[in-house]
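Participant: Here's my sequence, what's the structure:
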Amino acid sequence: MCGYDPRKHYRRSIRLKGYDYSSPGSYFVTMCVQDWVWMFGDVVDGEMSLSPYGKIAARCWEDIPRHFKNALLDEYVIMPNHVHGIIILRYRDEEESQVGVQPVEPRLNNLTTQIEAQNRFQHIIPGSICSIIRSYKAAVTKICRESGLADFRWQRNYYEHIVMNYEALNAIRAYIRNNPAKWSIDHDPNRL
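Facilitator: Model prediction:
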């Protein structure tokens, strides 16, 4: 019999239980292309050289604040088969001039049951990291497919990390900036 089998298809959530991912803070996210296929370009001399599809991924990333007024972008990089970026969520009523690029201490919420109720049945909270990533991935997929890459697909889900303080934020920024330079080392077929 075909169909859903909870013993086979169960996916454990990688999200922090009880945390409101629409709350102000800084989030490091990574999204990967299905099967790690190199579609966004290549690293040449330690610099990322974007393919037309990589340029689509970059343009859609840079458009996030136009679609989500509570989102600011920090450091990001489009790699051959994945995207790394920092998204900063601010309070919805903050004006752009009032906010700087800073992490907000994450607050574990005592309203766990309320948050779980909001997320029940895959209902996505508007303005949350999940809704932003879902929209970003959908936009990249749609434009890539319209541009001739009919079989483009993202890997399911995404990786996210709540940035706890300035030290962590600066370390993540450095990691993102240095990712292309380290690519040849990390992807050397002769490396043991």
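Participant: Which other helices and strands does the strand or helix carrying residue 169 contact?
Facilitator: Assigned by DSSP states H and E, residue 169 falls within helix 166-186. Under the contact definition 3 or more Cβ pairs under 8 Å, 6 or more residues apart in numbering; DSSP states H and E, helix 166-186 sits against strand 41-44, strand 71-78, strand 82-89, strand 159-163. Yep, even glycine has a C-beta here, placed from its N, CA and C like the rest.
Participant: and that helix, C-alpha only, in CSV?
Facilitator: C-alpha atoms of helix 166-186 as CSV (Å, rounded to 0.1, in the frame of the first residue of the first chain):
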residue,chain,number,x,y,z
TYR,A,166,27.8,39.9,19.2
GLU,A,167,30.7,37.4,19.5
ALA,A,168,28.6,34.7,17.8
LEU,A,169,27.3,37.2,15.2
ASN,A,170,30.8,38.3,14.3
ALA,A,171,32.0,34.6,14.1
ILE,A,172,29.1,33.7,11.8
ARG,A,173,29.8,36.8,9.6
ALA,A,174,33.4,35.7,9.3
TYR,A,175,32.4,32.1,8.5
ILE,A,176,30.0,33.4,5.7
ARG,A,177,32.7,35.8,4.3
ASN,A,178,35.4,33.1,4.3
ASN,A,179,33.2,30.3,2.9
PRO,A,180,34.2,30.7,-0.8
ALA,A,181,37.9,30.9,0.1
LYS,A,182,37.6,27.6,2.1
TRP,A,183,35.5,25.9,-0.6
SER,A,184,38.5,24.4,-2.6
ILE,A,185,40.0,23.1,0.7
ASP,A,186,36.7,21.5,1.8
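Participant: ranking the helices and strands packed on helix 166-186 by burial, who's on top?
Facilitator: Among the helices and strands packed on helix 166-186, ranked by average contacts under mean count of other Cβ atoms under 10 Å, first place goes to strand 82-89 (a mean of 22).
Participant: which strands and helices sit next to that strand?
Facilitator: Strand 82-89 packs on strand 25-32, helix 52-62, strand 71-78, helix 129-146, helix 166-186, going by 3+ Cβ pairs under 8 Å, 6+ apart.
Participant: ok, now with 6 Å
Facilitator: In terms of contacts (3 or more Cβ pairs under 6 Å, 6 or more residues apart in numbering; DSSP states H and E), strand 82-89 is packed against strand 25-32, strand 71-78.
Participant: Nearest to residue 48, out of those strands?
Facilitator: strand 71-78 (6.4 Å; Cβ to Cβ).
Participant: follow-up on the earlier one: pull out the buried residues from the helix holding residue 169.
Facilitator: Residues of helix 166-186 classed as buried by neighbour count (16 or more other Cβ atoms under 10 Å): 169, 172-173, 176, 179-180, 183.
Participant: What of stretch 35-52?
Facilitator: 39-41, 43, 48, 50-51.
Participant: pLDDT and distance to residue 86 for those - can I get that in TSV?
Facilitator: TSV is the format used below for those (pLDDT from 0 to 100; distance: Cβ to Cβ, whole Å):
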residue	pLDDT	distance to residue 86
39	92	22
40	95	18
41	94	21
43	94	20
48	95	17
50	96	19
51	95	23
